[in-house]
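Chemist: Prediction below, plus the sequence it came from.
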Amino acid sequence: MAATQAQALVAGLWTHDAEPAADNAALNRLAVWALRRYSPVVAADPPDGLVIDASGAAHLHGGEEAMLADLTRRLTDAGIQARAAMAGTLGAAHALARHRPSPTLVVASDATGAAIADLPIAALRLPADGIEALRRLGFETIGEVAAQPRAPLALRFGPEVCRRLDQAFGRAGEPITPVAVPERIEARRNFSEPISTAETIARYIGLLVADLCFTLEHRSLGARRLDLLCHRIDNRIEAVRIGTAKPVRDVRRLTRLLGERIATIDPGFGIERITLAALVVERLDYRPAATSLGDPAPPDVASLIDTLANRIGPQHLYRLAAVESDVPERSVCKIAPLAAPTQGRWPPHWPRPTRLLSPPEAIETLALLPDHPPVQFTWRRIRHGVMRADGPERIHGEWIRGDAEISAVRDYFQVEDEAGQRFWLFRTNDEADPALGPQRWFLHGIFA
């Protein structure tokens, strides 16, 4: 409607000039951010969407559901409201993300048809006049249009309706052109004849890594994340992503890491182009391995860390570091395996168990007096008699987190049972956490 009419209907309405070019530029920057973080194949979908091919990349983020949850959470933290859907086809994911109320949704490939059948026909990405023509004939949902014979649909509405239906149901492919990262260091090879065998792919990976490392060495850089994009002749891209614990430009090491992922590449009818891109790079200056001829070289476990991280996922490989907090479960955090040492230290005057239970597990206890340690406790249906005990160590909540934390109190005891096992128990009057409740006993840790 006209701006004057809108201002007459809504008091105090603010109006701003549209900036389509700036909007597209911002969407491209968002696509580059998603490309660096989530998948090697990301494209902008104007005016308000991103297309992410998560094949072979979702497991690096804990699975498809965890990946979508992390994506929407980070966008929300940045002030961007987002809904995300993952399906077997681009058309289905596009429709579900825009026409389902759920913030995140993952649909299996074999359930794509049933998931989009009841969506409105506007979800088919048809032009406005095509949608209006279908509605005049009484069509409201995708399932109703899909149930009609194809020949009359194509004759009356042209090939666009059938093409969109085939793309949504997976009967036709839909290529994705990844967004271009500015100043990305890459190497590529085009083939006059498509290649498909694992041996040929491995040979060209070695050549591409050599070319890429030559460019990195010329710029005094090392790669932290590499994307291998195999462009098939059917317009599909097979992507492989690897990461390293520290900057690397060792040809043999990078070739081995990429070679371990060749089995995940489906060449289809053949690969016509391979691109190897260094998506994340850092400055790399070599240092001497030993201070003198007689000193041994320090051990380098970076290669082992890279191998494990690319096999099981980087989120499963970490070190633990101390955090300044009196609450035990908040006094530790995960850091990268080769991260620099932190300054945090655990308090030396009160020993902490080598294993903490998350969350603490409820136990049944028998104590002579309310303020005394228990004389026996039952944990996981096994009774333990207490032979020795030390405590209590009183730990208060952190007032900076909220008013309820001020009254949160835990009394910790170190106890030893008849078998010599040592446990870390606490009695709580925790009003900040309803799951713990007042005056209950929990087992929080086990000493070595």
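Modeler: Yes, it's here.
Chemist: Flag the shaky bits of the stretch 251-400 of the chain, pLDDT-wise.
Modeler: 286-298, 344, 347-348 (pLDDT under 70).
Chemist: let's see 90
Modeler: Applying pLDDT under 90 to the stretch 251-400 of the chain flags the ranges 279-359, 366-373, 390-400.
Chemist: how about the strands of it, start to end?
Modeler: For the stretch 251-400 of the chain, strands defined by DSSP state E, counting those that start in this stretch occupy the ranges 271-283, 319-322, 332-335, 355-362, 364-367, 374-379, 382-396.
Chemist: Redo these as a markdown table? Include distance to residue 53 and mean neighbour count.
Modeler: C-beta coordinates here come from the backbone N, C-alpha and C atoms, glycine included. Compiled in a markdown table, the strands of the stretch 251-400 of the chain are given as follows (distance: least, C-beta to C-beta, whole Å; neighbours: other C-beta atoms under 10 Å):
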| stretch | distance to residue 53 | mean neighbour count |
| --- | --- | --- |
| strand 271-283 | 14 | 19 |
| strand 319-322 | 32 | 14 |
| strand 332-335 | 28 | 14 |
| strand 355-362 | 34 | 14 |
| strand 364-367 | 52 | 16 |
| strand 374-379 | 47 | 18 |
| strand 382-396 | 48 | 15 |
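Chemist: Using JSON lines, lay out the ones you listed together with distance to residue 230.
Modeler: JSON lines is the format used below for the strands of the stretch 251-400 of the chain (distance: least, C-beta to C-beta, whole Å):
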{"stretch": "strand 271-283", "distance to residue 230": "5"}
{"stretch": "strand 319-322", "distance to residue 230": "34"}
{"stretch": "strand 332-335", "distance to residue 230": "33"}
{"stretch": "strand 355-362", "distance to residue 230": "41"}
{"stretch": "strand 364-367", "distance to residue 230": "59"}
{"stretch": "strand 374-379", "distance to residue 230": "53"}
{"stretch": "strand 382-396", "distance to residue 230": "55"}
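Chemist: all strands for the stretch 101-250 of the chain, in order.
Modeler: 104-106, 185-195, 221-232, 237-248.
Chemist: Number of residues surrounding residue 117?
Modeler: Summarising burial for residue 117: neighbours were counted as other C-beta atoms under 10 Å, giving 15.
Chemist: That one touches residue 140, doesn't it?
Modeler: No. Applying C-beta atoms under 8 Å as the test, residue 117 and residue 140 come out as separate, 11.6 Å apart.
Chemist: on that earlier part again, including mean neighbour count and distance to residue 80, could the strands of the stretch 101-250 of the chain go into JSON lines?
Modeler: Written out in JSON lines, the entries for those read as follows (neighbours: other C-beta atoms under 10 Å; distance: least, C-beta to C-beta, whole Å):
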{"stretch": "strand 104-106", "mean neighbour count": "19", "distance to residue 80": "14"}
{"stretch": "strand 185-195", "mean neighbour count": "14", "distance to residue 80": "29"}
{"stretch": "strand 221-232", "mean neighbour count": "21", "distance to residue 80": "24"}
{"stretch": "strand 237-248", "mean neighbour count": "20", "distance to residue 80": "24"}
